[in-house]
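> Mind looking at a prediction? Sequence and model below.
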Number of protein chains: 2
Amino acid sequence: MTKKTPTSHGPTIHDIAKAAGVSKSTVSLVLTRSPLAKPSTAAKVLEVAKSLGYVYNRSAANLRQRNSNVVGVIVNDLVNPFFVELLIGAERVLQQSGYITLMAHTAESLATQEKVLASMREQNAAGVILSPAFDSPSDLPERIQEWGLPLVVAVRSLGDNSRYDFVGSDNVTGMRLATQHLIAQGHRRIAFIGRKAGSVVSEERRSGYASALAEGGITPRPEWLIDAPVSLSGGQTALDTLLALPDRPTAVVCYNDLVAMGVLNELGRKGLQAGRDLAVVGFDNIASAAHSNPPLTTMDVTPERQGEIASRVLLDRIGRPDDAPRRHLIAPQLIVRASSVGVGILVRTG
Amino acid sequence: MTKKTPTSHGPTIHDIAKAAGVSKSTVSLVLTRSPLAKPSTAAKVLEVAKSLGYVYNRSAANLRQRNSNVVGVIVNDLVNPFFVELLIGAERVLQQSGYITLMAHTAESLATQEKVLASMREQNAAGVILSPAFDSPSDLPERIQEWGLPLVVAVRSLGDNSRYDFVGSDNVTGMRLATQHLIAQGHRRIAFIGRKAGSVVSEERRSGYASALAEGGITPRPEWLIDAPVSLSGGQTALDTLLALPDRPTAVVCYNDLVAMGVLNELGRKGLQAGRDLAVVGFDNIASAAHSNPPLTTMDVTPERQGEIASRVLLDRIGRPDDAPRRHLIAPQLIVRASSVGVGILVRTG
DNA sequence: GTGAAAGCGCTAACAG
DNA sequence: CTGTTAGCGCTTTCAC
């Protein structure tokens, strides 16, 4: 294995200074691209640095400057492509801005969430984007802010949401539009599959569903609310419940695309067809929603863009810590695909 | 916004030492859980630290110790769940071992790959797990090793693969088994959908396919090799090509599950049924393969476990830099689901 | 523009 | 077991 002898520690600015015949400070100025350095010396220093195989030591710089160029991105569920897309968007912007991403996955565990937050604090992260785990305490954002750690909360809001930066979807409106779409197609018996309790997002989406029914003059029946884990298999089993209902619903809105795709798959397995036998609508517009069978009607909330926005908001917050908190709600757009309209009436395959 | 005055920098071990009536070094020993500290003093120091709201400064420690507790995980394609699962596995193990994950996504761009590698080097990462972007130079592993940066290459091997640690799948054997499964089902016209050129992994999988055909006494026809991007939509369009073939194949092995699921979806859209009209086999066994419609027969290569193994190998490498390089090839397991067997003959829904 | 000197917060010898 | 001392590699006044 070719490898430098581990005892030889690379050159430092001190070595460069000697070799280039200038002082340490000058080298530092050049390296940080300060305008205080004369172009000619800068060129020389850079050349010497390169020839010596110099590697900038960011830990030392960070220690001295009392800051760092890493930002934490903490997500609660990487199994859901929504969060992966958000992560991709966030990471891209951060990378372009010269930051590097400390990624952590809590898998909805509060304990790991605490651990990774503490870790990012010790690491002296420049800031954190947090998509909180289920049942996160409502004072979590304030606690993090008290640490002096710039914070953007994403996806799920927590407690008094006027006191921290937030980026998420307008879930109420989104689910109202989704439900209205089904009503407009003539459906009167519309079920909702999602988590019954717990998450704010669930509450919001269910309330959007409820208000659309009300506006459409439809009296909701309690059995239309089908409780299920928000996953592929959750959607699959929920469909059985739905199909067994007396006065079977003709349409269903799902908490998210994952659930909806579970429903789609299970329909297929039963020889039924989404669109014809049951209208199905999802939420999120994850990439694979356009490629399901049939393609899934859903509410587009541009997950990747949410990640980008979260990063931008965080960078602003880092730059101006005392600005008023901002709230960035994505307005969901209805994307009609075949899963919610009669076969052959396919409106858009996006 | 509640927030500490930004000018007040938290307490240091010096403050703790004063408050606890001991020396800085003692505090340091306690904080690093050294056995050299007397339990009674340790308890006291810890208590003082807590009451002062002390936060350990890892950058300072890292600088002094010339090491760090971050390890880089660089993946080339987060859109493919395979890599997400690998990332999840890697991150979990690293987190448990007290490391924190610097995540980077290259999206197959060599330029960003270079940038993030340089960044991790400046960051003084303890090590790196790299799933290389397409067309990475074959001397990349050596270059990284020359930096003195512990490295594990994952998924795609590069150049002389006996000179660095590698974790990946036995693609040749895997694809041979997949193809043999189809032959055993009585198929004689079996297509392969995948990338024609470029990646090592493609080559390996195609060669496994070819040798299974040979062993089965089947003369391969060139038109059975269908070139396609390895994505859902790649699979979708490839199916059209396949169906248009004279003497249409009765079965197809796909480069990976993503491609296979594209095929499945497109079949459904055409009113055809996987298993009955065309036997379909994937590769990877991503989580959603069990939930597709119909469930997908595939070769399980335990992506999450590959991530875990990669982390373990890296931790070993960090601990013993001069051990001989290790090569960890996962033996793919055939998982038979409905997509490859006549309807009703479903063997296992796993 | 450039140099000298003083730390950032921590750890690692080495004495005691 | 605990204290003293000397840096890790960099940035940043402040003189010149």
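Received the coordinates, thanks.

> Just give the nearest non-adjacent residue to residue A:139, would you?
Using CB to CB, 6 or more residues apart in numbering or on different chains and skipping the chain neighbours, the partner closest in space to residue A:139 is residue A:159 (6.1 Å). All C-beta spots, glycine's among them, are computed from the backbone N, C-alpha and C.

> What's the mean pLDDT across stretch A:254-268?
Predicted confidence along stretch A:254-268 averages 96 (mean pLDDT).

> That stretch and chain B in contact?
Yes: between stretch A:254-268 and chain B, judged by CB under 8 Å from any CB of the partner chain, the touching residues are A:261, A:262, A:264, A:265, A:266, A:268.

> Looking at those, which are in strands?
Secondary structure defined by DSSP state E assigns none of the residues of stretch A:254-268 next to chain B to strands.

> and those, which of them are in helices?
Members of these lying in helices (criterion: DSSP state H): A:261, A:262, A:264, A:265, A:266, A:268.

> burial count for the residue of the stretch 201-350 of chain A found nearest DNA strand C?
Scanning the stretch 201-350 of chain A for the residue nearest DNA strand C gives residue A:321, at 17.9 Å (criterion: CB to the nearest atom of the strand). The tally of other residues near residue A:321 (other CB atoms under 10 Å in any protein chain shown) stands at 14.

> Check whether it sits in a helix, strand or coil.
In terms of secondary structure, residue A:321 is coil; the call rests on DSSP: H, G, I helix; E, B strand; the rest coil.

> now it: how far from DNA strand D?
Using CB to the nearest atom of the strand, to the nearest Å, residue A:321 is found at 17 Å from DNA strand D.

> does that residue really touch residue A:150, like I thought?
Yes: A contact is recorded between residue A:321 and residue A:150 when judged using CB atoms under 8 Å, the distance being 6.5 Å.

> near DNA strand C, which residues of chain A?
Along chain A, the residues adjacent to DNA strand C under the rule CB under 7 Å from any atom of the strand are A:17, A:21-26, A:29, A:36-38, A:40-41, A:60, A:63-64, A:66.

> try it again with 10 Å
A:13-14, A:17, A:20-30, A:34-42, A:44-45, A:59-66, A:122, A:124 (CB under 10 Å from any atom of the strand).

> Only whichever of these are buried, select them in ChimeraX.
Under the burial definition 16 or more other CB atoms under 10 Å in any protein chain shown, those of the residues of chain A next to DNA strand C that qualify are selected in ChimeraX by:
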select /A:13,17,20,22,26,27,28,29,30,37,41,42,44,45,59,60,61,62,63,122,124
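
> quick one: which of the residues of chain A next to DNA strand C sit in helices?
With helices taken from DSSP H, the overlap with the residues of chain A next to DNA strand C comprises A:13-14, A:17, A:20, A:24-30, A:39-42, A:44-45, A:59-65, A:122.

> Give me the distance from stretch A:112-119 to the chain's centre.
In terms of CA atoms, centre = their mean, to the nearest Å, the centre of stretch A:112-119 is found 18 Å from the chain centre.

> Nearest the middle, which residue of chain A would you pick?
By CA atoms, centre = their mean, chain A has its centre lying nearest to residue A:86, at 3.4 Å.

> who touches that residue in this structure?
Residues touching residue A:86, when contacts are defined by CB atoms under 8 Å, 6 or more residues apart in numbering or on different chains, comprise A:75, A:131, A:154, A:155, A:303, A:304, A:306, A:307, A:310.
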